[in-house]
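1. here you go, sequence then predicted model.
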Amino acid sequence: MQRGRFISVEGIDGAGKSTHLAWLVDYMQRRQLQVRQSREPGGTPLGEKLRALLLNDEMHLETEALLMFAARNEHLQQVILPALTAGEWVLCDRFSDATYAYQCGGRGLSIERFMQLEQWVQGRDGGATALIEPDLTLIFDVPLDVSQARMANSRVLDRFEREQADFHAKVRAAYLQRAAEHPQRIRVINANRSIEAIQTELAQLMDGFLA
Ligand code: TMP
(Lines give C-alpha, C1' and ligand atoms only; values in the text may rest on other atoms or scores of the structure.)
Protein backbone atom coordinates (compact mmCIF):
# COMPACT_ATOMS: atom_id res chain seq x y z
CA MET A 1 0.00 0.00 0.00
CA GLN A 2 1.42 3.36 -1.01
CA ARG A 3 1.47 5.94 1.74
CA GLY A 4 -0.88 8.89 1.20
CA ARG A 5 0.24 12.50 1.07
CA PHE A 6 -0.40 15.20 3.61
CA ILE A 7 -1.39 18.70 2.49
CA SER A 8 -2.16 21.62 4.80
CA VAL A 9 -3.84 24.90 3.96
CA GLU A 10 -3.12 28.11 5.86
CA GLY A 11 -3.72 31.84 5.88
CA ILE A 12 -4.72 34.72 8.11
CA ASP A 13 -8.37 34.98 9.13
CA GLY A 14 -10.32 36.41 6.21
CA ALA A 15 -7.92 35.08 3.54
CA GLY A 16 -10.75 33.06 1.96
CA LYS A 17 -9.19 29.61 2.33
CA SER A 18 -12.54 27.74 2.68
CA THR A 19 -13.38 28.36 -0.98
CA HIS A 20 -9.98 27.04 -2.05
CA LEU A 21 -10.21 24.02 0.26
CA ALA A 22 -13.48 23.01 -1.41
CA TRP A 23 -11.82 23.35 -4.82
CA LEU A 24 -8.87 21.21 -3.71
CA VAL A 25 -11.14 18.43 -2.43
CA ASP A 26 -12.98 18.44 -5.74
CA TYR A 27 -9.68 18.41 -7.69
CA MET A 28 -8.44 15.37 -5.78
CA GLN A 29 -11.70 13.49 -6.07
CA ARG A 30 -11.71 14.06 -9.82
CA ARG A 31 -8.32 12.30 -9.85
CA GLN A 32 -9.79 9.35 -7.94
CA LEU A 33 -7.70 10.11 -4.88
CA GLN A 34 -9.23 9.15 -1.59
CA VAL A 35 -9.24 12.37 0.41
CA ARG A 36 -9.68 12.86 4.12
CA GLN A 37 -10.56 16.48 4.83
CA SER A 38 -9.99 17.67 8.36
CA ARG A 39 -9.17 20.76 10.39
CA GLU A 40 -7.20 22.13 13.32
CA PRO A 41 -7.84 22.80 16.01
CA GLY A 42 -10.34 19.93 15.80
CA GLY A 43 -10.62 16.87 13.62
CA THR A 44 -11.49 14.44 16.45
CA PRO A 45 -14.27 14.49 19.07
CA LEU A 46 -11.79 15.62 21.74
CA GLY A 47 -10.13 18.06 19.35
CA GLU A 48 -13.48 19.69 18.58
CA LYS A 49 -14.11 20.19 22.31
CA LEU A 50 -10.67 21.78 22.63
CA ARG A 51 -11.46 23.95 19.61
CA ALA A 52 -14.56 25.31 21.33
CA LEU A 53 -12.42 26.26 24.35
CA LEU A 54 -9.64 27.74 22.24
CA LEU A 55 -11.95 29.86 20.12
CA ASN A 56 -14.03 31.16 23.03
CA ASP A 57 -12.25 31.13 26.39
CA GLU A 58 -9.55 33.51 27.51
CA MET A 59 -6.38 31.71 28.61
CA HIS A 60 -2.66 32.14 29.13
CA LEU A 61 -0.57 32.19 25.97
CA GLU A 62 1.27 28.98 26.83
CA THR A 63 -1.98 27.23 27.78
CA GLU A 64 -3.24 28.15 24.32
CA ALA A 65 -0.14 26.67 22.67
CA LEU A 66 -0.38 23.50 24.79
CA LEU A 67 -4.04 23.00 23.93
CA MET A 68 -3.34 23.54 20.22
CA PHE A 69 -0.70 20.83 20.38
CA ALA A 70 -2.85 18.56 22.58
CA ALA A 71 -5.58 18.70 19.93
CA ARG A 72 -2.89 18.14 17.27
CA ASN A 73 -1.53 15.08 19.03
CA GLU A 74 -4.99 13.51 19.17
CA HIS A 75 -5.60 14.41 15.52
CA LEU A 76 -2.27 12.93 14.38
CA GLN A 77 -2.69 9.72 16.35
CA GLN A 78 -6.38 9.12 15.67
CA VAL A 79 -6.85 10.49 12.16
CA ILE A 80 -3.84 11.74 10.18
CA LEU A 81 -1.33 8.92 10.65
CA PRO A 82 -3.87 6.07 10.24
CA ALA A 83 -5.26 7.74 7.09
CA LEU A 84 -1.80 8.20 5.55
CA THR A 85 -0.87 4.62 6.36
CA ALA A 86 -4.08 3.44 4.69
CA GLY A 87 -3.03 5.33 1.53
CA GLU A 88 -5.48 8.20 1.89
CA TRP A 89 -4.62 11.81 1.17
CA VAL A 90 -5.09 14.15 4.08
CA LEU A 91 -6.15 17.72 3.39
CA CYS A 92 -5.94 19.66 6.61
CA ASP A 93 -7.33 23.13 7.23
CA ARG A 94 -4.37 24.45 9.28
CA PHE A 95 -1.57 22.57 11.05
CA SER A 96 1.57 23.57 13.00
CA ASP A 97 2.43 26.53 10.77
CA ALA A 98 -0.69 28.12 12.28
CA THR A 99 0.80 27.75 15.76
CA TYR A 100 4.01 29.33 14.52
CA ALA A 101 2.07 32.21 12.92
CA TYR A 102 -0.58 32.82 15.61
CA GLN A 103 1.05 31.82 18.89
CA CYS A 104 4.67 32.80 18.07
CA GLY A 105 4.05 35.58 15.55
CA GLY A 106 0.78 36.97 16.89
CA ARG A 107 1.10 36.37 20.62
CA GLY A 108 4.84 36.19 21.16
CA LEU A 109 5.32 32.57 22.24
CA SER A 110 9.05 31.79 22.11
CA ILE A 111 10.33 29.76 19.17
CA GLU A 112 12.05 27.45 21.69
CA ARG A 113 8.72 26.56 23.31
CA PHE A 114 7.15 26.06 19.89
CA MET A 115 9.98 23.75 18.80
CA GLN A 116 9.75 21.74 22.03
CA LEU A 117 6.06 21.10 21.46
CA GLU A 118 6.56 20.41 17.77
CA GLN A 119 9.28 17.90 18.59
CA TRP A 120 7.16 16.24 21.26
CA VAL A 121 4.02 15.88 19.16
CA GLN A 122 5.47 15.55 15.66
CA GLY A 123 8.84 13.98 16.42
CA ARG A 124 9.58 10.69 14.77
CA ASP A 125 11.17 7.92 16.80
CA GLY A 126 14.92 7.98 16.57
CA GLY A 127 15.37 11.23 14.69
CA ALA A 128 16.16 14.28 16.79
CA THR A 129 15.12 16.69 14.08
CA ALA A 130 12.90 14.69 11.72
CA LEU A 131 9.30 15.79 12.12
CA ILE A 132 6.00 14.56 10.81
CA GLU A 133 5.06 17.48 8.61
CA PRO A 134 2.82 18.13 5.63
CA ASP A 135 4.31 17.19 2.26
CA LEU A 136 2.88 20.42 0.90
CA THR A 137 1.55 23.55 2.60
CA LEU A 138 -0.38 26.25 0.77
CA ILE A 139 -0.55 29.65 2.41
CA PHE A 140 -3.33 31.82 0.98
CA ASP A 141 -2.04 35.34 1.38
CA VAL A 142 -4.00 38.58 1.22
CA PRO A 143 -3.12 42.13 2.33
CA LEU A 144 -4.39 43.06 5.75
CA ASP A 145 -7.02 45.53 4.56
CA VAL A 146 -8.61 42.81 2.40
CA SER A 147 -8.85 40.32 5.27
CA GLN A 148 -10.11 43.00 7.65
CA ALA A 149 -12.85 44.00 5.20
CA ARG A 150 -13.92 40.36 4.80
CA MET A 151 -14.08 39.86 8.55
CA ALA A 152 -16.08 43.05 8.98
CA ASN A 153 -18.80 41.40 6.85
CA SER A 154 -18.79 38.12 8.68
CA ARG A 155 -21.08 36.74 11.35
CA VAL A 156 -20.00 36.31 14.95
CA LEU A 157 -16.24 36.61 15.30
CA ASP A 158 -14.20 34.19 17.42
CA ARG A 159 -11.44 35.09 19.89
CA PHE A 160 -8.74 35.21 17.19
CA GLU A 161 -10.82 37.06 14.62
CA ARG A 162 -11.65 39.71 17.23
CA GLU A 163 -7.96 40.57 17.69
CA GLN A 164 -6.71 43.98 16.50
CA ALA A 165 -5.32 44.53 13.00
CA ASP A 166 -1.82 44.69 14.50
CA PHE A 167 -2.17 41.07 15.70
CA HIS A 168 -3.22 39.90 12.23
CA ALA A 169 -0.34 41.85 10.67
CA LYS A 170 2.10 39.96 12.89
CA VAL A 171 0.43 36.63 12.04
CA ARG A 172 0.74 37.38 8.35
CA ALA A 173 4.41 38.37 8.68
CA ALA A 174 5.12 35.14 10.57
CA TYR A 175 3.44 33.04 7.87
CA LEU A 176 5.56 34.73 5.21
CA GLN A 177 8.70 34.25 7.25
CA ARG A 178 7.88 30.58 7.78
CA ALA A 179 7.36 30.18 4.03
CA ALA A 180 10.76 31.78 3.36
CA GLU A 181 12.35 29.32 5.80
CA HIS A 182 10.68 26.27 4.19
CA PRO A 183 10.68 26.97 0.46
CA GLN A 184 10.49 23.27 -0.49
CA ARG A 185 7.34 22.55 1.50
CA ILE A 186 5.45 25.85 1.62
CA ARG A 187 3.94 27.72 -1.32
CA VAL A 188 2.46 31.18 -0.89
CA ILE A 189 -0.55 31.83 -3.11
CA ASN A 190 -1.55 35.41 -3.79
CA ALA A 191 -5.24 35.14 -2.86
CA ASN A 192 -5.98 38.76 -3.67
CA ARG A 193 -6.94 37.90 -7.26
CA SER A 194 -9.95 36.54 -9.10
CA ILE A 195 -11.08 33.03 -8.13
CA GLU A 196 -10.30 31.93 -11.71
CA ALA A 197 -6.70 33.16 -11.54
CA ILE A 198 -6.17 31.47 -8.17
CA GLN A 199 -7.68 28.20 -9.40
CA THR A 200 -5.50 28.21 -12.51
CA GLU A 201 -2.41 28.53 -10.33
CA LEU A 202 -3.68 25.84 -7.96
CA ALA A 203 -4.32 23.43 -10.83
CA GLN A 204 -0.78 23.92 -12.17
CA LEU A 205 0.70 23.54 -8.74
CA MET A 206 -1.28 20.38 -7.95
CA ASP A 207 -0.59 18.85 -11.38
CA GLY A 208 3.11 19.34 -10.66
CA PHE A 209 2.77 17.91 -7.17
CA LEU A 210 0.96 14.81 -8.45
CA ALA A 211 3.35 14.22 -11.34
P1 TMP B 1 -10.23 28.55 11.39
O2 TMP B 1 -11.18 29.65 11.72
O3 TMP B 1 -9.44 28.78 10.19
O4 TMP B 1 -10.89 27.23 11.43
O5 TMP B 1 -9.15 28.51 12.59
C6 TMP B 1 -9.47 28.70 13.88
C7 TMP B 1 -8.60 29.74 14.52
O8 TMP B 1 -7.60 29.09 15.31
C9 TMP B 1 -7.88 30.69 13.58
O10 TMP B 1 -8.15 32.01 14.00
C11 TMP B 1 -6.43 30.39 13.79
C12 TMP B 1 -6.37 29.76 15.16
N13 TMP B 1 -5.29 28.78 15.33
C14 TMP B 1 -4.20 29.12 16.14
O15 TMP B 1 -4.16 30.20 16.71
N16 TMP B 1 -3.19 28.21 16.29
C17 TMP B 1 -3.22 26.97 15.69
O18 TMP B 1 -2.28 26.18 15.86
C19 TMP B 1 -4.35 26.64 14.86
C20 TMP B 1 -4.40 25.30 14.20
C21 TMP B 1 -5.35 27.58 14.71
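-> Nice, I can see it.
2. for the worst-scoring helix or strand of the chain on mean pLDDT, which positions count as buried?
-> In the chain, the helix or strand scored least confidently by mean pLDDT, DSSP states H and E is helix 144-152, which has a mean of 92. Using 16 or more other Cβ atoms under 10 Å as the burial criterion, the residues of helix 144-152 that qualify are L144, V146, S147, Q148, M151. Where C-beta positions appear, they are placed from N, C-alpha and C, glycine not excepted.
3. how close does the spatially most central residue of the chain sit to D207?
-> Ranked by distance to the mean C-alpha position of the chain (Cα atoms, centre = their mean), the top residue is R94 at 1.7 Å. Applying Cβ to Cβ, to the nearest Å, the value for R94 to D207 is 24 Å.
4. and for S194?
-> S194 sits at a distance of 20 Å from D207 (criterion: Cβ to Cβ).
5. how about the residues of the protein that lie near the ligand?
-> When proximity is defined by Cβ under 6 Å from any ligand atom, the chain lies next to the ligand at D13, R39, E40, P41, M68, D93, R94, A98, T99, Y102, Q103, F160.
6. try 8 Å this time
-> The chain comes close to the ligand at residues 11, 13, 17, 39-42, 51, 54-55, 64-65, 68-69, 71-72, 93-96, 98-99, 101-103, 106, 158-161, as judged by Cβ under 8 Å from any ligand atom.
7. inside helices: which ones of these?
-> Among the residues of the chain next to the ligand, DSSP state H puts K17, R51, L54, L55, E64, A65, M68, F69, A71, R72, S96, A98 in helices.
8. neighbour count, pLDDT and distance to A83 for the residues you listed - can I get that in a markdown table?
-> Formatted as a markdown table, those follow (neighbours: other Cβ atoms under 10 Å; pLDDT from 0 to 100; distance: Cβ to Cβ, whole Å):
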| residue | neighbour count | pLDDT | distance to A83 |
| --- | --- | --- | --- |
| K17 | 22 | 93 | 20 |
| R51 | 20 | 98 | 19 |
| L54 | 22 | 98 | 23 |
| L55 | 14 | 98 | 24 |
| E64 | 22 | 98 | 27 |
| A65 | 22 | 98 | 25 |
| M68 | 25 | 98 | 20 |
| F69 | 23 | 98 | 20 |
| A71 | 24 | 98 | 17 |
| R72 | 26 | 98 | 15 |
| S96 | 24 | 98 | 17 |
| A98 | 27 | 98 | 20 |
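9. tabulate the residues you listed in TSV, adding columns for distance to M1.
-> Shown next, in TSV, are these (distance: Cβ to Cβ, whole Å):
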residue	distance to M1
K17	30
R51	31
L54	34
L55	36
E64	37
A65	35
M68	31
F69	29
A71	28
R72	25
S96	26
A98	30
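10. pretty sure G105 contacts K170?
-> Yes. Between G105 and K170 a contact is recorded at 4.9 Å, counting by Cβ atoms under 8 Å.
11. the two: which has the busier surroundings?
-> Using other Cβ atoms under 10 Å, the more surrounded residue of G105 and K170 is G105, with 23 against 20.
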